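*Asks:* The sequence and its predicted three-dimensional model are supplied below.
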Amino acid sequence: MTSDKKVRVRFAPSPTGPLHMGGVRTALYNYLFAKHHGGDFILRIEDTDRERFVPGAEAYIIESLKWCGIEPNEGLGFGDGPHTPYRQSERKEKGLYRGYAEKLVADGFAYYAFDTREELEEMRKKLEAAKVASASYNSVTRQNMKNSLTLSEDEVKTRLERGDAYVIRIKIPRNEEIRVNDLIRGWVLVNSAQMDDKVLYKSDGMPTYHLANVVDDYNMKITHVIRGEEWLPSAPLHVLLYRYLGWEEAMPQFAHLPLLLRPDGNGKLSKRDGDRLGFPVFPIDWKPEGGEGASGYREAGYFPEAFINMLALLGWHPSGNQEIFTMAELIEQFSLERVSKSGAKFDPEKAKWFNQHYLRHKPAQEILSLWKPELEQKGLSLPDASLLKICGLLTEKASFIGEFTELGSYFFKAPEGYDEGVIKKRWNENAKEFAALILEKYRSAKSFDAATAENLFKESCSEAGIKPGEVMQLFRVVLTGLPGGPALFEVAEILGNDVCVERIELFLSKNA
RNA sequence: GGCCCGUUCGUCUAGGGGUUAGGACGCCUCCCUUUCACGGAGGAAACAGGGGUUCAAUUCCCCUACGGGCUACCA
């Protein structure tokens, strides 16, 4: 066990595009685990694949984590730290991987392979034609390939000196039981006969994920590797690497997280799902330089707390029935033991519900500050005191602040049309009498608040000889144009009696 | 195909050898309410199938089915 050591975990994405919500969840669980144990959370960029590198992806990852409040205390974009650099391409430049690959060769755990892509392709075709179960470069097939195990020492030397292209492959033993202890799944056993001689060092001079990952985790003193389930099949390879490098004592513990599945059908959630499903799969908007972008939760109007809360519960569950969690509560309660084993499709409806919940529990002042930029942009203004009251009323009707402007349009301007159904049903002789009465009462009101507005309304009703219920909705339509909305007299108070009078007059002018 | 992982309401999940199998979202009904929403009270809704083990299995074991992942000089 490594329990006596300070917990250190890392999130190690590849900058091959925007980080999708599954990646954010992996980062979140790493963060929660680290904080729960008073440990460190590190961000490392695994950019060993030059071909898939996407400009802007790295900045996107950093900004996403910041928006979510998942702040690494060490790593790229977060002040670096004692193990700088945190970008694998830069670590490679410093020669941090090469030596380990050479050492593995020297120790007999790896070898040089000179096969061309065509030769590899040919081998696979042959094996497939022969109906071999796994057409791979392994303990059997390597005997027929061009590598330092089959070539003479002289030829290998000549080829290396001549500068022939080569890779370094791990020499997987022929038949050995490899055991991986996964904190979520328990022991996983794999026979090495099923494994292939994975490339550790590429011909372009870059280490592959497997080598770089193990070397960095060791050097950065990582104690727990928490990553997606797609890595479970290569965990035995990593175990072997720790062993061959002589680091078995320091090997981190593994925890493979269940995958986030596509809500609509089959397969794991992928970056390509973009906006296709009708909701975002990314934390924030992705706007590549030319290419096609995709929308994010931030721009869709989600609060980071809601997004995080929703994500935390997608694959992890506390022992009780609590569903609403602050980050601090998540940190306090999180444990890998309570992470589920099976993949999760997520439900956009529930995400919305979380947002609605957080919206309702936010102070009006904070909501207003979030709404204001849109109001200013659209040239809509009212005194803050009124806006604050409007926020209070609209909060109960909306799931997102983005709905406010439309939902409360009548606070800013007189209705341009009236709900026809209500008028047809309620605009009769009695109503006309009521309208004349309330117009006068509102016009001469000395002070005006919700209670006054309601009292005057009721007086008008009784004087016109009708029940309030008969004209209540009509009156709402007169003031707002709409058949539904927040408490009517609260609305009237915010509008003020002058505006109410104007709107009654406007209505009468159009509906004589 | 091979290897690995998984399978409780539509979805996220709790639970665990004997339970009325619990909660949440969504859906439906009722109450509150001028309306809509909120809130409150209810309701419909699940242990993939087959074999074992056991007095007893949804829970443990095996098989099958289904789902997922991996199978690159990608991560």
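*Replies:* Right, received. Where do you want to start? Numbering: from 1, shown residues only, chains lettered A, B, ... in the order given.
*Asks:* rest of the way, CA atoms for contacts and neighbours
*Replies:* Will do.
*Asks:* Okay, strands next: where are they in the stretch 51-200 of chain A?
*Replies:* Taking DSSP state E, counting those that start in this stretch to define them, one finds strands in the stretch 51-200 of chain A at A:74-75, A:110-113, A:167-170, A:177-182, A:186-191, A:199-201.
*Asks:* Those strands: which one's closest to A:K441?
*Replies:* When the strands of the stretch 51-200 of chain A are compared by CA to CA, strand A:74-75 sits nearest A:K441, at 67.1 Å.
*Asks:* related to what we said a few turns ago, distance to RNA strand B, mean neighbour count and mean pLDDT added to the strands of the stretch 51-200 of chain A, as TSV?
*Replies:* What follows is those, written out as TSV (distance: least, CA to the nearest atom of the strand, whole Å; neighbours: other CA atoms under 10 Å; pLDDT from 0 to 100):
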stretch	distance to RNA strand B	mean neighbour count	mean pLDDT
strand A:74-75	16	22	96
strand A:110-113	8	24	98
strand A:167-170	6	24	98
strand A:177-182	9	16	96
strand A:186-191	4	13	94
strand A:199-201	5	24	98
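*Asks:* Make a markdown table out of the ones you listed and add distance to A:W231.
*Replies:* A markdown table is the format used below for the strands of the stretch 51-200 of chain A (distance: least, CA to CA, whole Å):
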| stretch | distance to A:W231 |
| --- | --- |
| strand A:74-75 | 22 |
| strand A:110-113 | 22 |
| strand A:167-170 | 18 |
| strand A:177-182 | 11 |
| strand A:186-191 | 13 |
| strand A:199-201 | 16 |
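*Asks:* Quick one: closest of these to A:G465.
*Replies:* strand A:74-75 (74.1 Å).
*Asks:* contact partners of the closest one?
*Replies:* For strand A:74-75, the external contacting residues (CA atoms under 8 Å, 6 or more residues apart in numbering) are A:40-44, A:80-81, A:84, A:86.
*Asks:* Out of these, which is nearest to A:N30?
*Replies:* A:F41 (7.0 Å).
*Asks:* for the lowest-mean-pLDDT helix or strand in chain A, packing partners?
*Replies:* Ranking every helix and strand in chain A by mean pLDDT, DSSP states H and E puts helix A:420-426 at the bottom, with a mean of 89. Applying 3 or more CA pairs under 8 Å, 6 or more residues apart in numbering; DSSP states H and E, we find helix A:420-426 packed against helix A:468-480.
*Asks:* give me every residue that touches A:E46.
*Replies:* When contacts are counted by CA under 8 Å, 6+ apart, A:E46 touches A:12-15, A:87-89, A:209.
*Asks:* Surely A:Y97 and A:P207 touch.
*Replies:* Yes - using CA atoms under 8 Å, A:Y97 makes contact with A:P207 at a distance of 6.7 Å.
*Asks:* Next, the buried residues of stretch A:478-491.
*Replies:* Neighbour-count burial for stretch A:478-491, counted by 16 or more other CA atoms under 10 Å, picks out A:478-483, A:485-486, A:488-491.
*Asks:* Got the confidence number for whatever residue of the stretch 101-250 of chain A ends up closest to RNA strand B?
*Replies:* Taking CA to the nearest atom of the strand, RNA strand B has its nearest neighbour within the stretch 101-250 of chain A at A:E230, 3.1 Å off. With respect to pLDDT, A:E230 scores 96.
*Asks:* cool, the one 4 residues further on as well?
*Replies:* Here, the pLDDT recorded for A:S234 equals 96.
*Asks:* Also A:R360?
*Replies:* For A:R360, the pLDDT comes out at 94.
*Asks:* just A:N511 next, same as before
*Replies:* So A:N511 comes in at 83 (pLDDT).
*Asks:* That one and RNA strand B: what is the separation?
*Replies:* For A:N511, the distance to RNA strand B equals 20 Å [CA to the nearest atom of the strand, to the nearest Å].
*Asks:* Equivalent analysis for A:T16, please.
*Replies:* In terms of CA to the nearest atom of the strand, A:T16 sits 8 Å off from RNA strand B.
*Asks:* Contacts only, for A:L495.
*Replies:* Contacts of A:L495 (CA under 8 Å, 6+ apart): A:F411.
*Asks:* can you rerun that using 10 Å?
*Replies:* A:382, A:386, A:410-413, A:448-449, A:479, A:489, A:501, A:503 (CA atoms under 10 Å, 6 or more residues apart in numbering).
*Asks:* Over to A:S152?
*Replies:* A:T158.
*Asks:* Next: A:K287.
*Replies:* If a contact means CA under 10 Å, 6+ apart, then A:K287 has A:18, A:56-57, A:60, A:293-295 as its contacts.
*Asks:* repeat that for 6 Å
*Replies:* Counting by CA atoms under 6 Å, 6 or more residues apart in numbering, A:K287 touches A:G293.
*Asks:* Let me know the pLDDT of it.
*Replies:* 92.
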